[in-house]
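Colleague: I would like the atomic coordinates for the input below:
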Amino acid sequence: MKRSVPQTAFVYDPVFLKHETGADHPESPKRLRAILDRLESTGMMSKLLRLIPAPAPVEAITRIHTADYVEHIAEMSRRGGHFYEGPDTAGSSATYQAAIMAAGAVICATDCVMRGDAVNAFCAVRPPGHHAELSEAMGFCFFNNIAIGARHLQAHHGIKRVAIIDWDVHHGNGTQHSFYADPSVLYFSIHQWPHYPGTGRQNEAGEQDGKGHTINVPVAAGSTDTDFINAFTHTLRPAIDRFRPDFILISAGFDAHTEDPLSNTMVTAEGFAEMTRAVSSMAAIHCKSRIVSVLEGGYSLGPLADSVEAHLKVLMNHDGDGPADRHE
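Modeller: Numbers count the residues shown, from 1 in each chain. Now for the predicted structure:
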């Protein structure tokens, strides 16, 4: 059946380019420019529902971060010039505005999908978010965009169960810690091990009521598309079928790519497409195909553009392999 609404929304704001990290920093504005240039040159952009987000309200951010920490990042940005939160997380005068807009993009995307204006959405944002902790920036991340989006779904839309699927090559320590004792959020991460940030062992599985709702699949350097897809088939799919999410969020880092300078795994653009197909099939069965995907890593410009293009092609055209709604 032909859809009456666009399949995929694309959420972006030019403020993301103003977050400056320094000339040699891998997390640079060039990443988003490469994505935008690719989507424009292929004509794909014209087929997407383009959305401009609003900044996330402070109360949405403080569902995940402390108010003192949020104000600290705002103050560091107000001072102007470059600043560092740890050895690798660089900011500038525009960082706070870009960071609240990145979190706002996920809120905008989830609202769009919940309204039915699009089936799914991709948020082309920076700074990324999945390493950001309760009161600490790290790993290029300031606010945990995807965790803020999950809590917004629950607080604003009454969503009971959210699944977060994180295929960035680096473990999402901040996201894991945000929901480690929470049975309403399933967090699945596949990531290179050993690797930054040093978390994400297989035995890290949640605590208290959240026991069993954190699933880590550490993979070795040299792991391929097949290794990642096998984890989706044999570990993620059964977990999703048990959990039966009402909404799926993807921490879409593309730095597991074989050409990425910050990893040693061997995933291809087609591998990311296959992972997207797998998640889309799960979403079709369990949550009316509702997916919001959020950019995390990916630092080799050509392969990043290749991978995002492949990811979006699946989101734009995939109807899943199961019914659009689930039966209680």
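Colleague: so Ile61 makes contact with Ala103?
Modeller: Yes: applying C-beta atoms under 8 Å as the test, Ile61 and Ala103 come out as touching, 5.9 Å apart. Glycine gets a C-beta too; all of them are placed from N, C-alpha and C.
Colleague: which of these two has more residues huddled nearby?
Modeller: Ala103 (32 against 28; other C-beta atoms under 10 Å).
Colleague: do you know how far that one is from Thr235?
Modeller: 29 Å (C-beta to C-beta, to the nearest Å).
Colleague: try His157
Modeller: In terms of C-beta to C-beta, His157 sits 28 Å off from Thr235.
Colleague: tell me the secondary structure at the most centrally placed residue in the chain.
Modeller: Centroid-nearest residue in the chain: Ser251, 2.3 Å away (criterion: C-alpha atoms, centre = their mean). Of the three states, Ser251 takes strand according to DSSP: H, G, I helix; E, B strand; the rest coil.
Colleague: residues in contact with the nearest residue in space to it that is not next to it in sequence?
Modeller: The shortest distance from Ser251 to any non-neighbouring residue, by C-beta to C-beta, 6 or more residues apart in numbering, is to Asp166 (3.8 Å). Contact partners of Asp166, counting by C-beta atoms under 8 Å, 6 or more residues apart in numbering, are 130, 146, 172, 175, 187-191, 250-251, 253, 296.
Colleague: looking at those, which is nearest Ile215?
Modeller: Among those, Phe188 lies closest to Ile215 (C-beta to C-beta), at 4.6 Å.
Colleague: would it be right to say that that closest one lies in a helix?
Modeller: No: read with three-state DSSP, Phe188 is strand and lies in no helix.
Colleague: distance of it relative to Asp241?
Modeller: Counting by C-beta to C-beta - Phe188 and Asp241 are separated by 13 Å.
Colleague: so for these two, which sits in the more crowded spot?
Modeller: Phe188 (24 against 11).
Colleague: so which strand or helix has the closest residue to that one other than its chain neighbours?
Modeller: In space, and not counting its chain neighbours, Phe188 is closest to Ile215: 4.6 Å by C-beta to C-beta, 6+ apart. For Ile215, the host element (DSSP states H and E) is strand 214-219.
Colleague: quick one: mean pLDDT over the helix or strand just after that strand.
Modeller: The helix or strand immediately downstream of strand 214-219 is helix 225-231, counting by DSSP H and E. The predicted model assigns helix 225-231 a mean pLDDT of 98.
Colleague: mind listing residues that contact helix 225-231?
Modeller: By C-beta under 8 Å, 6+ apart, helix 225-231 touches 167, 190, 217, 219, 256, 266-268, 270-271, 274-275, 278.
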